[in-house]
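Peer 1: The amino acid sequence is not available; the structure is as follows:
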């Protein structure tokens, strides 16, 4: 029996590769200078959704909420085999905390209507909160299976999965529709499919076409817009009205948490002793530690 | 019904054993509650767990909300969330804290979403303070403090308009204090109101092994980071730990690189440790890591990069390649301890 899946993904700054060039003079990170990537756990959750489709048939829709450049992760999703994508993008979504994000995603998924499984990565590397998945499930009024490391099967309206817990694992079954958050070790994401890359590489969002027309006054983007739409290569952009969201529950307004202050970390160095990696110095070090009764 | 607001802690237990993090949070919660001049309550959900109430009193709870039912024998998201949502809605606690365990991180956001409460994950400190923002004074807010983006900033998060301010905290971050066996408290039984749809997730099998790694109890920890270079080199870390009689730790980068399993991870999203001696090998010292080990009594840093921030908090710094320094250190220690 075929199943419909919705996968929620996020484009994130690549916090694992912070180099000197992205540091501001005051030592903080210039977020806009960081390269962006497909959030790693989300990539794995897309892989699991595609595996469900490979096994049972059905459809995979990928959505992301973010600024216009986030269309890139949707193109990559198409290259991997997603059937449909949508970009949820509106200035009024900006500065959303996890609760407001969960709400906006829930409204977008309600618009898609027809779904059996919702997939999220366990957490995003820029916040590490792991909150959006469960908050979204609650907003949708459906059960959740977090920390999923394996989907065993989907059968007779139930999902069978193995999930990681502290120091072990659980096997559970959950009635559809259900939201699953996926552990990064759960699978290896498939590479881009060369044929799909050829087919989908011209997929663009309306924002991207507008940007092209800003750069070139002789470029009339509506021509392309219609052409792309006919070919099914227009990445739809949903604003607040498209998903029937209440503005007060979105973005900064809809976020109960606020950043009150941000401090640069000042390291208070203790009395520090430098040692050379020589035998003599290491002997001195061990002597000192033994004198302090650190060992034994 | 008497409303008991104040500070609440989710008293996580499994098979009748309270999780350490719940007791740590009660100790912290006690201080927050005293600051607010408000009571401290624990929410205890399980099956035949009433006998745990006196333990919760001894760590500072004035009151224990007890939800005891056969169907709570094992943790399940929806029935547990049902109880908490019901309690939060009727008592409106000012503060609600959870351990950032696999259970707490599954449950807390679900409760926050339903009750529209502001919530911050993995806090490394919690304080109560008045806050003035845009000319408006907010009395006694919970400051939710955690390292943020990129690792060289500390963010203070507030939820000024939330009735209930929620946070999760990793095990070991808050200090456990000595229990006071003489403390008294009271149990309030929670009326249960389940619905069929609370049981649409069923547990088929559960496997838990006794934790193999006990970082919190170790006097000596030898930790390896990404700078160790490769998985094979990690054996040096293991050997040094064995020779010194210590435990093996790791930075998140080392865990993510597959050098060692996640239960060894020290730091904001791993375990917070306070050993007598912490040896950081090939660890650059991002704040998320430092948050989990900076209170160690003595810190030795071994790193090729002389400008690595780890040297700023180390008592002893050795600039050199881990693969050369560690074997030499082992040799010297063996000679000296003979």
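Peer 2: Arrived safely. Just so it is clear, the structure is predicted and the values come from calculations on it, not from any experiment. Numbers count the residues shown, from 1 in each chain, chains lettered A, B, ... in the order given.
Peer 1: And the strands in the stretch 51-200 of chain A?
Peer 2: Taking DSSP state E, counting those that start in this stretch as the test, the strands found in the stretch 51-200 of chain A are A:58-65, A:84-88, A:117-121, A:144-155, A:158-165, A:168-175, A:178-182.
Peer 1: so what does the longest one touch, helix or strand wise?
Peer 2: What it means is strand A:144-155. helix A:40-56, helix A:132-140, strand A:158-165, strand A:168-175, strand A:178-182, helix B:104-115 (3 or more C-beta pairs under 8 Å, 6 or more residues apart in numbering or on different chains; DSSP states H and E). The C-beta positions use only the backbone N, C-alpha and C, and glycine is treated the same way.
Peer 1: Please repeat the previous calculation with a cut-off of 6 Å.
Peer 2: Secondary-structure packing of strand A:144-155 (3 or more C-beta pairs under 6 Å, 6 or more residues apart in numbering or on different chains; DSSP states H and E): strand A:158-165, strand A:178-182.
Peer 1: What strands line up against that strand, and which way round?
Peer 2: When pairs are called by DSSP bridges, strand A:144-155 turns out to pair with strand A:158-165 (antiparallel), strand A:178-182 (parallel).
Peer 1: And for residue 276, the neighbour number?
Peer 2: Since no chain was named, I'll use chain A. Neighbourhood size, residue A:276 [other C-beta atoms under 10 Å in any protein chain shown]: 13.
Peer 1: wrong chain, I was asking about chain B
Peer 2: Residue B:276 has 17 nearby residues by other C-beta under 10 Å.
Peer 1: wait, isn't residue A:45 in contact with residue A:183?
Peer 2: No - counting by C-beta atoms under 6 Å, residue A:45 does not reach residue A:183; the two are 9.2 Å apart.
Peer 1: So between these two, which is more surrounded?
Peer 2: When neighbours are counted by other C-beta under 10 Å, residue A:45 and residue A:183 differ, and residue A:45 comes out ahead with 31 against 21.
Peer 1: How many neighbouring residues does residue 169 have?
Peer 2: By default, I'm working from chain A. 16.
Peer 1: Not quite, go with chain B.
Peer 2: 27.
Peer 1: Surely it touches residue B:125?
Peer 2: No - with contacts counted by C-beta under 6 Å, residue B:169 stays clear of residue B:125, the gap being 9.0 Å.
Peer 1: what ranges do the helices span in the stretch 51-200 of chain B?
Peer 2: For the stretch 51-200 of chain B, applying DSSP state H, counting those that start in this stretch gives helices covering B:53-58, B:77-91, B:104-115.
Peer 1: Mean neighbour count, the ones you listed: which tops it?
Peer 2: helix B:104-115 (a mean of 26; mean count of other C-beta atoms under 10 Å in any protein chain shown).
Peer 1: Let me know the angle separating that helix from strand A:158-165.
Peer 2: Orientation check (axes from the mean of the first three to the mean of the last three C-alpha atoms, to 10 degrees): helix B:104-115 against strand A:158-165 gives 120 degrees.
Peer 1: Can you check which of the strands paired with strand A:144-155 gets nearest to residue B:24?
Peer 2: With C-beta to C-beta as the criterion, residue B:24 lies closest to strand A:158-165 of the strands paired with strand A:144-155, at 19.7 Å.
Peer 1: Can you name the residues in contact with that closest one?
Peer 2: Contacting residues not belonging to strand A:158-165 are listed as A:145, A:147-153, A:169-171, A:173-175, A:178, A:183, B:102 [C-beta atoms under 6 Å, 6 or more residues apart in numbering or on different chains].
Peer 1: Whether the longest helix along chain B contacts chain A - can you check?
Peer 2: If you go by DSSP state H, chain B has its longest helix at helix B:20-36. No - using C-beta under 6 Å from any C-beta of the partner chain, helix B:20-36 stays clear of chain A, coming no nearer than 10.3 Å.
Peer 1: for chain B, what are the nearby residues on the stretch 51-200 of chain A?
Peer 2: So the stretch 51-200 of chain A meets chain B at A:102, A:128-131, A:134-135, A:138-139, A:143-144, A:146, A:165-175 (C-beta under 6 Å from any C-beta).
Peer 1: what pairs with residue B:300 across the strands?
Peer 2: residue B:279, residue B:316.
Peer 1: one step back: CSV for the strands paired with strand A:144-155, including distance to residue B:173 and mean pLDDT?
Peer 2: Output for those, formatted as CSV (distance: least, C-beta to C-beta, whole Å; pLDDT from 0 to 100):
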stretch, distance to residue B:173, mean pLDDT
strand A:158-165, 20, 97
strand A:178-182, 23, 98
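Peer 1: most tightly surrounded among the ones you listed?
Peer 2: strand A:178-182 (a mean of 27).
Peer 1: which residues sit against that strand?
Peer 2: A:44-45, A:48, A:118-122, A:133, A:137, A:142-146, A:148, A:159.
Peer 1: need the contact list for the nearest residue to residue A:196 once chain neighbours are set aside.
Peer 2: In space, residue A:196 comes closest to residue A:79 once its chain neighbours are excluded; the distance is 5.1 Å by C-beta to C-beta, 6 or more residues apart in numbering or on different chains. Taking C-beta under 6 Å, 6+ apart, we find residue A:79 in contact with A:192, A:196-197.
Peer 1: Of these, just the buried ones, ChimeraX syntax please.
Peer 2: Applied in ChimeraX, the following selects the buried portion of the contacts of residue A:79 according to 16 or more other C-beta atoms under 10 Å in any protein chain shown:
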select /A:192
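Peer 1: wouldn't residue A:50 be in contact with residue A:83 here?
Peer 2: No - counting by C-beta under 6 Å, residue A:50 does not reach residue A:83; the two are 9.9 Å apart.
Peer 1: Name the residue in the two with the higher neighbour count.
Peer 2: residue A:50 (22 against 15).
Peer 1: how far away is the residue nearest to the more buried one when sequence neighbours are not counted from residue A:197?
Peer 2: Distances taken as C-beta to C-beta, 6+ apart place residue A:81 nearest to residue A:50, at 5.1 Å, with adjacent residues excluded. Distance from residue A:81 to residue A:197, counting by C-beta to C-beta, to the nearest Å: 11 Å.
Peer 1: again, but for residue A:44
Peer 2: When distance is defined by C-beta to C-beta, residue A:44 is 20 Å away from residue A:197.
Peer 1: repeat for residue B:220
Peer 2: The gap separating residue B:220 from residue A:197 is 52 Å, by C-beta to C-beta.
Peer 1: Flag every buried residue along stretch B:208-218.
Peer 2: For stretch B:208-218, by 16+ other C-beta under 10 Å, it's B:213, B:215-216, B:218.
Peer 1: Please indicate which of the contacts of strand A:178-182 are buried?
Peer 2: Applying 16+ other C-beta under 10 Å to the contacts of strand A:178-182 flags A:44-45, A:48, A:118-122, A:133, A:137, A:142-146, A:148, A:159 as buried.
Peer 1: can I assume residue A:84 is in contact with residue A:61?
Peer 2: Yes - using C-beta under 6 Å, residue A:84 is in contact with residue A:61, at 4.3 Å.
Peer 1: okay, the two: which has more neighbours?
Peer 2: residue A:61 (22 against 18).
Peer 1: what's the span of stretch B:181-192, first residue to last?
Peer 2: From its first residue to its last, stretch B:181-192 covers 30 Å (C-alpha to C-alpha, to the nearest Å).
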